[in-house]
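Chemist: after the sequence you'll find the predicted model.
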Amino acid sequence: MEFVIKYLALILAFLIAIIGHEIMHGLVAKYYGDDTASKEGRLSINPIRHIDPFGSIIFPILLYLSQKLAGVSDPIIFGWAKPVPVNIFKVVSNGGYLAAVWVSLAGVTYNFLMALISSSIIGLFYPPEGIFDAFMFMFLFYMIVVNVILAVFNLWPIPPLDGANAIKYLSLYFRWEKIARFYNRIESYGMLILLIILFTPLSDYFFKPAYFLMNLLLG
């Protein structure tokens, strides 16, 4: 029963975190006149429309197994959904480069908000007095952990992550063309850089802000 509660809570928190993250990108883009995500049915909460075979299934399993093999007793699992389609040219046309920054950071903002809300109510279910309290406690625990990790991960200034996009559009807003050109040049190497970080000890340093925030929100 403990195993079922733990992993059911984890899967539910994981889906809420990654699906909500992508929907928020689409909603903010729609606010600035781009209804691409809406037309393609990507503002739906239906998980099937958002699940990415690699980012939502294969990568979390590989991450879990690699941490288990490394002797980590309680592996941290995260991943991503299929990116919501955004016509960034329409967004910039309607709202300027700052609008593109807000679209880039919409998902991260959602994740931090979910973590804060979960942190504020998790104490209501501790100590757990029954199966429902145990499930809610584990669910809120994973809502904090998964949302914080996903937010911090996406803020890394490495393409194609949200942090890199925000920096690129912010640099265009301030006319720092060299920074924008730099990100355009390294974009094709972004996934390789991310994999090197994630599957080497470098990940410990890159996730330090996430560990700090998790400890803070979990008391």
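Modeler: Received the coordinates, thanks. Numbers count the residues shown, from 1 in each chain.
Chemist: sticking with the closest residue to Asp162 other than its chain neighbours, tell me its helix or strand.
Modeler: Spatial nearest neighbour of Asp162, excluding adjacent residues (CB to CB, 6 or more residues apart in numbering): Asn154 at 4.3 Å. C-beta coordinates here come from the backbone N, C-alpha and C atoms, glycine included. Element membership for Asn154 (DSSP states H and E) is helix 131-155.
Chemist: who are the contact partners of the residue most central in space within the chain?
Modeler: Closest residue to the average C-alpha location of the chain: Leu150 at 3.2 Å, with CA atoms, centre = their mean. Leu150 makes contacts with Ala17, Ile18, His21, Phe78, Trp80, Asn111, as judged by CB atoms under 8 Å, 6 or more residues apart in numbering.
Chemist: next one: stretch 11-30 to chain centre, how far?
Modeler: 8 Å (CA atoms, centre = their mean, to the nearest Å).
Chemist: avg pLDDT for it?
Modeler: Across stretch 11-30, the average pLDDT comes to 96.
Chemist: can you tell me how far Glu2 sits from Gly123?
Modeler: 21 Å (CB to CB, to the nearest Å).
Chemist: for the longest helix anywhere in the chain, name the packing helices and strands.
Modeler: Ranked by residue count under DSSP state H, the longest helix found in the chain is helix 88-121. Helix 88-121 is packed against helix 2-31, helix 131-155, helix 162-173, helix 208-218, with contacts defined by 3 or more CB pairs under 8 Å, 6 or more residues apart in numbering; DSSP states H and E.
Chemist: check which residues of the last one are buried.
Modeler: Yep, that's helix 208-218 we're talking about. Within helix 208-218, the residues scored as buried using 16 or more other CB atoms under 10 Å are Ala210, Leu213, Met214, Leu217.
Chemist: go on, the first one?
Modeler: Of the residues in helix 2-31, those with enough neighbours to count as buried (16+ other CB under 10 Å) are 5-6, 9-10, 12-30.
Chemist: number of nearby residues for the closest residue to Ala210 other than its chain neighbours?
Modeler: In space, Ala210 comes closest to Val152 once its chain neighbours are excluded; the distance is 4.0 Å by CB to CB, 6+ apart. For Val152, the count of nearby residues is 23 (other CB atoms under 10 Å).
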